[in-house]
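Asks: Task: produce atomic coordinates for the following.
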Amino acid sequence: MNIGEVATKSGLPAKTIRYYEDIGLIRPDRHDNGYRLFRQQHLHKLMFVARARSLGFSIDDCRVLLALYDDDSRASAQVKALAQDHLAQIDAKIAGLRAMRDTLADLVDACHGDSRPDCPILKDLAAKHHG
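Replies: From the prediction side, this is the model:
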């Protein structure tokens, strides 16, 4: 398959596929004329990385996951530990977003939203900026 075909089949832009090649996540074969030649295993790895990225795994995590996937002697505990760490990071982000949302909701509720110039939202932003 050429890069256009593998892009269509994987759902990834050709630019992303070239980037993944540049950083060594995949290594397509090359024709004598230098064109990339993607085989089924390259497509499978691209789809694997795309799925992992859609779950928020970093490029470095994807590199480790691919290595574990290719390692027949891997222990599933290694994969689980990586996924648990990522899950903890997601939970921390969610907690941070909830706190951010609660603060903003309180500020929106405190603002009259009328023609008066007094605005608790701006006061809070100014206080946080200078404090």
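
Asks: Buried by neighbour count: which residues of the lowest-mean-pLDDT helix or strand in the chain qualify?
Replies: Across the helices and strands of the chain, mean pLDDT, DSSP states H and E gives its lowest value to helix 120-130, namely a mean of 81. Counting neighbours by 16 or more other Cβ atoms under 10 Å, one finds that the buried residues in helix 120-130 are D124. C-beta here means a position set from N, CA and C on the backbone, and glycine is covered the same way.

Asks: Show me what that helix is packed against.
Replies: helix 76-110 (3 or more Cβ pairs under 8 Å, 6 or more residues apart in numbering; DSSP states H and E).

Asks: May I see the buried residues of the helix it packs on?
Replies: 86, 107.

Asks: what about L65, neighbour count?
Replies: Applying other Cβ atoms under 10 Å, we find 20 residues neighbouring L65.

Asks: sorry, back to before: which residues touch the least confident helix or strand of the chain?
Replies: 107-108, 110-111 (Cβ atoms under 8 Å, 6 or more residues apart in numbering).

Asks: starting at the chain centroid, how far to it?
Replies: 32 Å (Cα atoms, centre = their mean, to the nearest Å).

Asks: Format the CA atom coordinates belonging to that helix as CSV.
Replies: The C-alpha trace of helix 120-130 is given here as CSV (Å, rounded to 0.1, in the frame of the first residue of the first chain):
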residue,chain,number,x,y,z
PRO,A,120,-17.4,39.8,40.2
ILE,A,121,-15.9,37.8,37.3
LEU,A,122,-13.5,40.7,36.4
LYS,A,123,-12.8,41.3,40.1
ASP,A,124,-11.8,37.7,40.6
LEU,A,125,-9.6,37.6,37.5
ALA,A,126,-7.9,40.8,38.6
ALA,A,127,-7.4,39.5,42.1
LYS,A,128,-6.0,36.2,41.0
HIS,A,129,-3.7,38.0,38.5
HIS,A,130,-2.2,40.4,41.0
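
Asks: For the closest residue to H31 other than its chain neighbours, give the beta-bridge partners.
Replies: Excluding its sequence neighbours, the residue lying closest to H31 (Cβ to Cβ, 6 or more residues apart in numbering) is L37, at 5.5 Å. Per DSSP bridges, the residues bridged to L37 are D29.
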